[in-house]
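*Asks:* give me a 3D structure for the following:
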Amino acid sequence: MGPPFHILAKKGDIAERVIIAGDPYRVKQISGLLDNPVLVNENRGLFVYTGKYKGIPVTVATHGIGSGSAAIVIEELVMLGAKYIVRLGTAGALIPELDIGDYVVASGAACIHNGNSLGQYAPGYCLPTAPSPQLTGLLIEKAKSKNAKFVVGPVFSSDSFYAENPEFAKYWSERGVVAVEMECASLFALSWIRRFHSAALLIISDSLVKDKSVFLTANELKPRVELAATIVLDTLVDVDF
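*Replies:* Residues are numbered from 1 along each chain as shown. Here you go, the predicted model:
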C-alpha cells in the first residue's frame, strides 16, 4: 500500500494505541484527557490528535459516519502504525434492558453483507466481524472497575441511519442483537484482515424500544463520554499483548 490519501500524517504521528469516534466534537473532547495533545491531521475534517495518557502515547481519531468512511480511516491509521484500535461511539438500544446513557461492550457485529464496504473485501463471503478477545476482555475488566452500567452483546452495523422501520428492533433483538450502530462490523473485520487488535465501547444515546422521542445531544452525552473515554484509555495503556 502507498501513503494515506486522507489522514495526512506521517509514521510517528500516530500512536500504536488509538481511540476512534465518528463525531469530531467527541474526538476533541477525548483529546482533552491527554497530556499535550497535538493535532496531527485535519484534512477532510477528520481530526486526529496524539498525546500521552499516564505517560503512554495515544491517538484519538475521527472516523466519520458509516462503514465506508470508517474503513478508510482505519486502514490509514494502520498504515501509520496503529496496533490497538477501540471505537468509542454511540448506539441505539434494541432491548428494553438498556437505558439511555448505559454502555455496550460489543461482542460482535451483524451487518447486511452487500450493504456496506465489507462486501468488496471478500465478495460473496461473510467476513469475521468479532472484536479481539484479549482487548475486549480487558475493556470489560476496566468497565467493571469504574462501576459502569453495561451489557456485553452483539450489535447491528447499519449503513443507513434513517432506514429503520417499526419491525427493525423486534427483528434484530429476536436474533440476539442488543443495539444498532454503523461502524463496528468494519472495524472488527479489518482487525482480522490487517492483524491489529480491536474492541468497541458504545454509549446508548437513544432507544428503539422505549423513550423513542429522546436522543441525547453531544453536549448531553459529555459526562457519559468522559467516563467511557477513561475506561478506554485505561484499557489501552494496560495492553501487554
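
*Asks:* my guess is Ser186 meets Leu118, correct?
*Replies:* Yes - contact criterion CB atoms under 8 Å: Ser186 and Leu118 qualify, at 6.1 Å. For glycine as for every other residue, the C-beta is placed from the backbone atoms N, C-alpha and C.

*Asks:* next one: phi and psi at Ile74?
*Replies:* Dihedral angles of Ile74 (phi, psi; degrees, to the nearest 10) stand at phi -60, psi -50.

*Asks:* again with Ser107
*Replies:* phi -100, psi -10.

*Asks:* check contacts around it.
*Replies:* 130-131, 136, 152-154 (CB atoms under 8 Å, 6 or more residues apart in numbering).

*Asks:* residue ranges for the strands of the chain, please.
*Replies:* 17-21, 35-41, 48-53, 56-62, 84-93, 103-110, 150-157, 179-181, 197-207 (DSSP state E).

*Asks:* can you lay out these as a markdown table showing mean pLDDT?
*Replies:* Formatted as a markdown table, those follow (pLDDT from 0 to 100):
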| stretch | mean pLDDT |
| --- | --- |
| strand 17-21 | 98 |
| strand 35-41 | 98 |
| strand 48-53 | 98 |
| strand 56-62 | 98 |
| strand 84-93 | 97 |
| strand 103-110 | 97 |
| strand 150-157 | 97 |
| strand 179-181 | 96 |
| strand 197-207 | 96 |
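
*Asks:* among these, which is nearest Lys10?
*Replies:* Nearest to Lys10 among those is strand 35-41 (8.6 Å), distances taken as CB to CB.

*Asks:* can you redo the strands of the chain as TSV with distance to Asp238?
*Replies:* Compiled in TSV, the strands of the chain are given as follows (distance: least, CB to CB, whole Å):
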stretch	distance to Asp238
strand 17-21	10
strand 35-41	17
strand 48-53	11
strand 56-62	9
strand 84-93	11
strand 103-110	16
strand 150-157	18
strand 179-181	25
strand 197-207	12
